[in-house]
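Visitor: after the sequence you'll find the predicted model.
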Amino acid sequence: MGPVNVPDPLTPIANADRLPPAFPDRAAWGTVKQLRAWQQAALNRYREDEPKDFLAVATPGAGKTSFALTVAAELLNRRIVNRVIVVAPTEHLKTQWAQAAARVGIQIDPNFGTRQGPSSADFQGYALTYAGVAANPLALRIRTEQNNTLVILDEIHHAGDARSWGEAVREAFEPARRRLALTGTPFRSDANPIPFVRYEPDGTGALRSRADYSYGYGPALSDGIVRPVLFMAYGGDMQWRTKAGEELAARLGGPLTKDLTAQALRTALDPGGAWIPAVLRAANTRLTEVRSGVPDAGGLVIANDQSHARAYAKILQQITGEPPTLVLSDEPGSSKRITEFAESEDRWMVAVRMVSEGVDVPRLAVGVYATATLTPLFFAQAVGRFVRARSRGETASVFLPSIAPLLSLAAGLETERDHALKPKTPEDEAALLAEAQQEKSEPDLVEGTFTALASEADFEKVVFDGGEFGLQTMSGSDEERDYLGLPGLLEPDQVKDLLRRRQAAQVERSESARAQSAAGAPERPRAAHEDLRELRKQLNTLVAAWHHRSGKPHGVIHNELREACGGPAAVAATGEQLTERIERIRSWATRG
């Protein structure tokens, strides 16, 4: 987290010698800097009416914490409040808030417990999580009533995660003198109202939240506060076995049903396949390029679960020769590891979810989205870890599976959405429950229900500024390296210009190769893995066609071919064995 910006002064301190003990003198404020334009505009809006409730929506990386602490400092200084309570989503963020507040002279206790007695007189407030509020809202209500309290509700959309959380927040902080709500990600569209948020009719029969001040990714990018993001999309051929024993093959990024897309994605994320190692190698190549201009740039892999995270960490260690920082759970030890990584120049951190929201590591510049969570909320939180700009020209690169839901979210990064509150229906309740479960729990990867057999990675395209650039090419190819080698320090217009030129060169090479092939020019020698890959793809296509013709499951067809021709499963078969199976299934089609 960067230095908190506090203007000098916000409001002149009258009778400074008689300041209440709850607020330190100006000498403790630390470095005094001018507010950013949007922060000053939001502060001016706040000062106009001095409302009891104020909702600020600002894109991740814009500086919501700085704005909130500026408001807190002013309210304490003017003696409108004498206590500050911060509610954050995670344990780590409690510590992060305490550290940021200390830099402006406000001492926050991040280890506060609702069942403890009075806090130390050294503190002007305390921080706790939404879960902590739900544990004992009545005790917090009493404490809130005992003081003129400012409550800062960080990422307030979490108060809508569970009805009990929202009810607890309302009960605990209804008596507060002031409430300041913050969020940097789009709310879900659901039937759970978020406490202390205003809703207005939107003309369609639904209610929509209204922010008192909004600052989106687009304006922040124009102002140079956040980085432009290049999304590196990777597809590839996948093969897996279902619970029923049926072997399926499909292309990640192809026109698949929702269920097949989910299964192909599981296969791609399996650490035993070839897809994830190839993407991690590509991401590390990209990080090396970025570090040539930004020496301390770091990378983050967001994993599905702890077992995947450990496996990815081993793969990265093999690639880089150094162990990455591994963050597996929301515990004090994990918080320390994140802080140490943020202050180091280490290359990689691998985490399961807890680094996806609010955690501030400004040097993160390359990310790998290796999780099956596809909700807009989680995606925005994850991408938000990479967008904080420190100097002009820095870019962020996020590697992700080439599937429609993620590509749509990537293309719509600049879209701003409010929280739509619609009447409850049984279908809405079921959808909300499913989404909440997806956001809070690890994917259902119960052993025996699903087996990933093989995966291969292809670089497909770069999504940037609403456009798509590049043609499909094999991972590890020269064409892929052209895109991975984009300089790490570029203005957005320069990024787009280079992407256009890379694509034009790739198209020219592709057309030249086709012309040479048509003229009978000799092709370059093909590697064995390329030949095997092409044969497996051809076999899978024929099996799929025979499935539609015969009605037999893919797995049954593969087993029949193995019985007829011998040899192991397709993933381990030789080129000769695959060729024999291709000829055999063609003979079946000929016989009809």
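Guide: In hand now; what should we look at?

Visitor: mean confidence for stretch 80-89?
Guide: When pLDDT is averaged over stretch 80-89, the result is 94.

Visitor: need the pLDDT of the residue most central in space within the chain.
Guide: For the chain, A382 is the residue whose C-alpha lies nearest the centre (CA atoms, centre = their mean; 1.5 Å). pLDDT, A382: 88.

Visitor: and it, its phi and psi?
Guide: Torsion angles at A382 (phi, psi; degrees, to the nearest 10) stand at phi -70, psi -50.

Visitor: I figured it hits G367, correct?
Guide: Yes. When contacts are counted by CB atoms under 8 Å, A382 is listed as touching G367 (7.2 Å). To be clear about C-beta, it is placed using only N, CA and C from the backbone, and glycine gets the same treatment.

Visitor: shared neighbours, these two?
Guide: Here A382 and G367 have I302 as joint contacts, going by CB atoms under 8 Å, 6 or more residues apart in numbering.

Visitor: helices along the stretch 51-200 of the chain, start to end?
Guide: For the stretch 51-200 of the chain, applying DSSP state H, counting those that start in this stretch gives helices covering 64-77, 91-102, 130-135, 137-146, 163-173.

Visitor: ok now stretch 545-561, how far from the chain's centre?
Guide: Relative to the chain's own centre, stretch 545-561 is displaced by 39 Å; criterion: CA atoms, centre = their mean, to the nearest Å.

Visitor: what of stretch 287-300?
Guide: For stretch 287-300, the distance to the chain centre is 19 Å (CA atoms, centre = their mean).

Visitor: and it, end to end?
Guide: 10 Å (CA to CA, to the nearest Å).

Visitor: secondary structure element for A365?
Guide: strand 364-370 (DSSP states H and E).

Visitor: in the stretch 201-350 of the chain, which spans are helices?
Guide: Under DSSP H, counting those that start in this stretch, the stretch 201-350 of the chain gives helices at 217-222, 258-269, 275-291, 306-320, 332-343.

Visitor: highest mean neighbour count out of those helices?
Guide: When the helices of the stretch 201-350 of the chain are scored by mean count of other CB atoms under 10 Å, the highest mean neighbour count falls to helix 275-291 (a mean of 22).

Visitor: how many residues are close by the nearest residue to I194 once chain neighbours are set aside?
Guide: Distances taken as CB to CB, 6 or more residues apart in numbering place G160 nearest to I194, at 4.5 Å, with adjacent residues excluded. Using other CB atoms under 10 Å, G160 has 23 neighbouring residues.

Visitor: measure how far the top strand by length along the chain is from the centre of its chain, please.
Guide: Looking across the chain with DSSP state E, the single longest strand is strand 229-242. Mean-position distance between strand 229-242 and its chain equals 17 Å (CA atoms, centre = their mean).

Visitor: tell me which strands it pairs with, and in which orientation.
Guide: The strands beside strand 229-242 in its sheet (DSSP bridges) come out as strand 247-252 (antiparallel), strand 396-401 (parallel), strand 450-455 (antiparallel), strand 458-464 (antiparallel).

Visitor: got the angle for it vs strand 364-370?
Guide: Angle between the axes of strand 229-242 and strand 364-370 is 20 degrees (criterion: axes from the mean of the first three to the mean of the last three CA atoms, to 10 degrees).

Visitor: got the angle between strand 229-242 and helix 258-269?
Guide: 100 degrees.

Visitor: pull out the buried positions in strand 229-242.
Guide: Across strand 229-242, burial judged by 16 or more other CB atoms under 10 Å covers 229-241.

Visitor: ok, back up a step: winner for burial among the helices of the stretch 51-200 of the chain?
Guide: helix 64-77 (a mean of 24).

Visitor: tell me what that one is packed against?
Guide: helix 37-49, strand 53-58, helix 91-102, strand 149-153, strand 178-183 (3 or more CB pairs under 8 Å, 6 or more residues apart in numbering; DSSP states H and E).

Visitor: most tightly surrounded among the ones you listed?
Guide: strand 149-153 (a mean of 25).

Visitor: any idea how far it is from the chain center?
Guide: 27 Å.

Visitor: quick one, it and strand 53-58 angle?
Guide: Using the same axes, to 10 degrees, strand 149-153 lies at 30 degrees relative to strand 53-58.

Visitor: output strand 149-153 as PDB, restricted to C-alpha atoms.
Guide: What follows is strand 149-153, C-alpha atoms only, in PDB (Å, rounded to 0.1, in the frame of the first residue of the first chain):
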ATOM      1  CA  THR A 149     -18.200   6.600  15.900                       C
ATOM      2  CA  LEU A 150     -17.200   6.700  12.300                       C
ATOM      3  CA  VAL A 151     -17.600   3.300  10.700                       C
ATOM      4  CA  ILE A 152     -15.600   2.500   7.500                       C
ATOM      5  CA  LEU A 153     -17.100  -0.400   5.600                       C
END
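
Visitor: domain map for this structure?
Guide: 16-222, 229-515, 528-591 (automatic domain parsing).

Visitor: between the buried residues of strand 229-242, which sits nearest D305?
Guide: W240 (17.7 Å; CB to CB).

Visitor: run through the bridge partners of that closest one.
Guide: Beta-bridge partners of W240, as defined by DSSP bridges: L248, A452.

Visitor: ok, now which ones touch it?
Guide: W240 neighbours (CB under 8 Å, 6+ apart): 247-248, 263-264, 266-267, 450-453.

Visitor: nearest to D531, out of the helices of the stretch 201-350 of the chain?
Guide: With CB to CB as the yardstick, what comes closest out of the helices of the stretch 201-350 of the chain is helix 275-291 (17.8 Å).

Visitor: helices or strands up against that closest one?
Guide: Against helix 275-291 (3+ CB pairs under 8 Å, 6+ apart) you get strand 229-242, helix 258-269, strand 298-303, helix 306-320, strand 364-370, strand 396-401, helix 478-484.

Visitor: tabulate these (a markdown table), appending distance to L76 and mean pLDDT.
Guide: Shown next, in a markdown table, are the helices and strands packed on helix 275-291 (distance: least, CB to CB, whole Å; pLDDT from 0 to 100):
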| stretch | distance to L76 | mean pLDDT |
| --- | --- | --- |
| strand 229-242 | 37 | 91 |
| helix 258-269 | 47 | 92 |
| strand 298-303 | 35 | 95 |
| helix 306-320 | 41 | 95 |
| strand 364-370 | 32 | 96 |
| strand 396-401 | 36 | 96 |
| helix 478-484 | 49 | 88 |
